[in-house]
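Novice: when you get a sec, could you give me coordinates for this:
(one chain, ligands or ions: 1)
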Amino acid sequence: MTLEAKIAAVAGVLKRIQDEFSPATFASSLGAEDMVLTDLIAKHAPGISVFSLDTGRLNPETYELLAKVQETYGKQVEIKVYYPQPDALQQYVEHNGINAFYHSVDLRKACCGIRKVEPLKRALAGKTAWITGMRRQQAVTRANMPVQEHDADHGLEKFNPLADWTEKDVWEYIRGNGIPYNALHDKHYPSIGCAPCTRNIAVGEDVRAGRWWWEDESGKECGLHVKKV
Ligand code: SF4
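Specialist: Residues are numbered from 1 along each chain as shown. Below you'll find the predicted structure:
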């Protein structure tokens, strides 16, 4: 399929979500794929709201991008930012230390729970559908991901409109439309999360190799996209 055909298909999916699944919201982590979807939402389905999770541990480049997105799209796309519950965060850090996520998978998942999973639940409350920028090629855990699925954990529909896009498609769209993106992508960070849990990768390494690099591949999700089995 050509990129033009893929763009038209995503525009169609977004319009359908806007019309049939209102209120719907797009979870932007401000990654390259999320910039593509932000642009397509602004152009084709502005009734879909956009939010982002500020974990408090993001890279400076990510905050710069957030400001740039606000400048570029203004009122057209307003990103609502959700923050962790201060009491839960304070307790976790006081009890375990500021960088406790390096000490065990359980402490890492607890950190993601407070900084990402709980704020996500608040962001999705009252919504009929949510949208992500995930692609099948990004990780072994995403290889069979459909464009539309029921998210039983959160009790709503979940859409992954870029599921079949390649990395090349994403960058062709970004460059072709001159839209903003995270400066870290130019420093070999294909997948960007929290600063202490993300590093750059070598040429030929898996695109998710820079996330939680000290852990086993099969468990490398932050809890935002985990399915009950
Ligand atoms: S990615 Fe790292 S810093 Fe960010 S919430 Fe998860 S464990 Fe905490």
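
Novice: need phi/psi at Ser49.
Specialist: Main-chain dihedrals, Ser49, degrees, to the nearest 10: phi -80, psi 160.

Novice: can you check the one 3 residues further on too?
Specialist: Here the main-chain torsion angles of Ser52 (degrees, to the nearest 10) amount to phi -140, psi 150.

Novice: burial count for it?
Specialist: The number of residues packed near Ser52 is 23, by other C-beta atoms under 10 Å. C-beta: built from backbone N, CA, C; applies to glycine.

Novice: next: Glu33.
Specialist: 25.

Novice: list the contacts for the spatially most central residue of the chain?
Specialist: By C-alpha atoms, centre = their mean, the chain has its centre lying nearest to Ser29, at 3.6 Å. Applying C-beta atoms under 8 Å, 6 or more residues apart in numbering to Ser29 gives the contacts 52-53, 133, 192-193.

Novice: how about a cut-off of 10 Å?
Specialist: 52-53, 55, 58, 62, 116, 132-134, 182, 191-193, 222, 224 (C-beta atoms under 10 Å, 6 or more residues apart in numbering).

Novice: in strands, which of those appear?
Specialist: When DSSP state E defines the strands, the subset of these inside them is 52-53.

Novice: pick out the lowest-pLDDT one from the contacts of Ser29.
Specialist: The pLDDT minimum for the contacts of Ser29 sits at Cys222, where the score is 63.

Novice: any idea how far the spatially closest residue to Phe21 that is not a sequence neighbour is from the ligand?
Specialist: Of all residues not flanking Phe21 in the chain, Ala129 sits nearest, at 3.7 Å (C-beta to C-beta, 6 or more residues apart in numbering). According to C-beta to the nearest ligand atom, to the nearest Å, Ala129 and the ligand sit 25 Å apart.

Novice: distance check, Ala129 against Pro146.
Specialist: Using C-beta to C-beta, to the nearest Å, we find Ala129 at a distance of 14 Å from Pro146.

Novice: the more surrounded of the two?
Specialist: Applying other C-beta under 10 Å to Ala129 and Pro146 shows that Ala129 carries more neighbours, namely 22 against 10.

Novice: keeping just the C-alphas, turn stretch 131-138 into CSV.
Specialist: Written as CSV, here are the backbone C-alpha positions of stretch 131-138 (Å, rounded to 0.1, in the frame of the first residue of the first chain):
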residue,chain,number,x,y,z
ILE,A,131,-6.2,6.0,20.4
THR,A,132,-2.5,5.2,20.4
GLY,A,133,0.4,5.7,18.0
MET,A,134,1.7,2.1,18.4
ARG,A,135,3.0,0.1,15.4
ARG,A,136,3.4,-3.6,15.0
GLN,A,137,7.0,-3.3,14.0
GLN,A,138,8.0,-1.6,17.3
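
Novice: what comes up buried for that stretch?
Specialist: 131-136, 138 (16 or more other C-beta atoms under 10 Å).

Novice: before we move on, back to that, in helices, which of the contacts of Ser29 fall?
Specialist: Thr62 (DSSP state H).

Novice: spatially nearest residue to Thr62, not counting backbone neighbours?
Specialist: Leaving aside its sequence neighbours, Thr62 sits nearest to Leu30 (C-beta to C-beta, 6+ apart; 5.5 Å).

Novice: what's the burial count for the one you found?
Specialist: Neighbour count of Leu30, defined by other C-beta under 10 Å: 26.

Novice: flag every residue of this structure that's near the ligand.
Specialist: For the chain, the contact set with the ligand under C-beta under 6 Å from any ligand atom comprises 55, 57, 101, 108, 111-112, 115-116, 193-194, 196-197, 222.

Novice: many thanks, I have nothing further to ask.
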